[in-house]
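Colleague: Got a predicted structure plus its sequence, pasted below:
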Amino acid sequence: MLWIALMSPSIRVPRWRHYRFFVWHHVAVLIVVMVSLALAAAFTQQQSYQNRVRSCQTACFAKSNRNKRKQKKNESKARIKSAVHVEETAPPTPTQSSLTTYSSKFLDDNGILIHTEDDGRVTATMKNEEENSKQDKKRHKPMVLEQPAKMVPKAGFNVVLTHCTADFDSLASAVGLAKLWSNPNTEQDSFDSSSSNVPTFVVLPRGAHPGVQRFLALHKHLFPIRSLKSLPTDLSGLNRLGLVDAQRRDRIGPAEHLLGMAKRVTVVDHHIDSESDIPEATDYVVDQVGSVSTIIVERLKQAQIDLTEAEATLLALGIHADTGSLCYDSTTARDAKALAWAMEQGASQPAIAENVQTSLSQEQQGVLTQALINTNSTVIHGVTV
C-alpha cells in the first residue's frame, strides 16, 4: 500500500528520488519473501524428520514385542515338553515326579499331543513331529510286526478292578487298595493285607469317565495302572482280586472271568442297599459313608502309610466326586476327616480345582437324592421294576 501511495501521481516528488525509493522498496519486499520461504522450508523439513523418527520408533517397538511373544511361547512349549516327557530307559516311580497339571486348552493352543501307553509311560510330542513319525513308519515298514514285551511275574500278582467307566472314587479307591496290598506292615488276615509280596495292578475293565481320562492323560504313569489285555494269559498266578465301588458281576464287564481264577476275592463298597451276586467273595466290606475312598483312606491312616502327592490328590478327588465336595446328603463326618488327612499328605489343591466339576446344581442334587430315597421296586410277571 505504501508503494502504491508513493507511485500515485498526486504526490509531487522529484523524479530522481522517486526511482531510488522504488528500487529500495522492491529490494525490501524481495528479502522479506525470501526469508519467509526459507523459514517455511525449514519448518516443513523439521516436521518431516520428526515423522520419520516416530515411524521408526513404532516399528522397532512392534518388532520387539513380537520377538518377546515368540520367545515366551517357545519357553512355554519347552517347559511343558520337559515336564510331561518320561524317558524310556527309566522305570516310572511315583516319588520321582511332581504333580503338575495343564489344561487341555493350553495343550491344544501350543500344539502338544499327550500319549499314554499300556505300560503307563507318558510322552509328549508336537503335532508336526507326530506327522513326520507317521510318514517315516510308512516308508520303513518292518518285515516282521513288532510286539511289545509283557512282564509275567513269576511269584504271582494281584489285581484291583474298578467298575466300568470308572469315576474318580472308583479309581482312587483301587489305587489306595493296591497301595495297602503293597505294604508289608499291614495286619495279616484282613482285607487290606497281602499274603505275599507280589506286584498289584489296577485295571479299568472298560475305560473311564471323560474327566478321569483327561486326568490320566497326564498322570497315569504315576500309578500302577495296566490294561486288561496286558495281564498274563496264564492266570494261575492271580493271588488276590479286589473289586471297589462295585459288588455285582455286570459292573466289571469283560473282567468277570477273573473272579473264578483268583484265590481270594475282596469286595469294598459303600452302597449298603445293593445286593451282591458274587459268591466267590471271601472278604466283603460295605460301610455307610459318602465314598469308598473314605474307607481306604482310613485304612491307610491306620497303617501309617505315607502317600505321594499324586496318590493324595487322587484320593481327595475321589472323596470330592462322590460327596459333591462334602455337600451331598450321604456325606458323613468320616468323609471330612478322610479328606483332611489327604490334604495333610500333600494333595494338590490346583489339581483338585481343575478336575472337580459339579455336573448338577445344588437343587438338582437335592431332587436326585430325594428320588433315590423314595425309589420303590415292584415285581411284575417275574420282572423287578
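Modeller: Alright, I've got the coordinates. Residues are numbered from 1 along each chain as shown.

Colleague: Where does the prediction get shaky in the stretch 101-250 of the chain?
Modeller: 101-155, 185-196 (pLDDT under 70).

Colleague: so where do the helices sit in it?
Modeller: Remark: helices assigned in the stretch 101-250 of the chain by DSSP state H, counting those that start in this stretch are 104-109, 127-139, 168-181, 210-219.

Colleague: What would stretch 305-312 look like as PDB? C-alpha coordinates only.
Modeller: Output in PDB follows, covering the C-alpha atoms of stretch 305-312 (Å, rounded to 0.1, in the frame of the first residue of the first chain):
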ATOM      1  CA  ILE A 305       1.400 -95.300  55.300                       C
ATOM      2  CA  ASP A 306       2.700 -92.100  53.700                       C
ATOM      3  CA  LEU A 307       1.300 -91.100  50.300                       C
ATOM      4  CA  THR A 308       2.900 -89.400  47.400                       C
ATOM      5  CA  GLU A 309       1.400 -86.100  46.200                       C
ATOM      6  CA  ALA A 310      -0.300 -87.800  43.200                       C
ATOM      7  CA  GLU A 311      -1.900 -90.500  45.400                       C
ATOM      8  CA  ALA A 312      -3.100 -88.000  48.000                       C
END
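
Colleague: Show me what counts as buried in that stretch.
Modeller: Ile305, Leu307, Thr308, Glu309, Ala310, Glu311, Ala312 (16 or more other CB atoms under 10 Å). For every residue, glycine as well, the C-beta is placed using N, CA and C.

Colleague: Quickly name whichever of those residues is closest to Thr369.
Modeller: Ranked by distance to Thr369 (CB to CB), those are led by Ala312 at 28.3 Å.

Colleague: re the thing from before, can you tell me which of the buried residues of stretch 305-312 end up in helices?
Modeller: In this view, the buried residues of stretch 305-312 that belong to helices under DSSP state H are Glu309, Ala310, Glu311, Ala312.

Colleague: so which of the residues you listed comes closest to Arg248?
Modeller: Closest to Arg248, out of all of those and judged by CB to CB, is Glu311, at 27.4 Å.

Colleague: Pretty sure that closest one sits against Lys179.
Modeller: Yes. Glu311 lies in contact with Lys179 (CB atoms under 8 Å); the separation is 6.6 Å.

Colleague: Report the spatially nearest residue to Gly318, omitting neighbours in sequence.
Modeller: Ala172 (3.0 Å; CB to CB, 6 or more residues apart in numbering).

Colleague: ugh, wrong one, I meant Ala255
Modeller: Here the residue nearest Ala255, using CB to CB, 6+ apart, is Pro205, at 4.1 Å.

Colleague: And for that neighbour, the neighbour number?
Modeller: 20 (other CB atoms under 10 Å).

Colleague: Tell me who's in contact with it.
Modeller: Leu161, Thr162, His163, Cys164, Leu228, Ile252, Gly253, Pro254, Ala255 (CB atoms under 8 Å, 6 or more residues apart in numbering).

Colleague: Brilliant, that's me finished.
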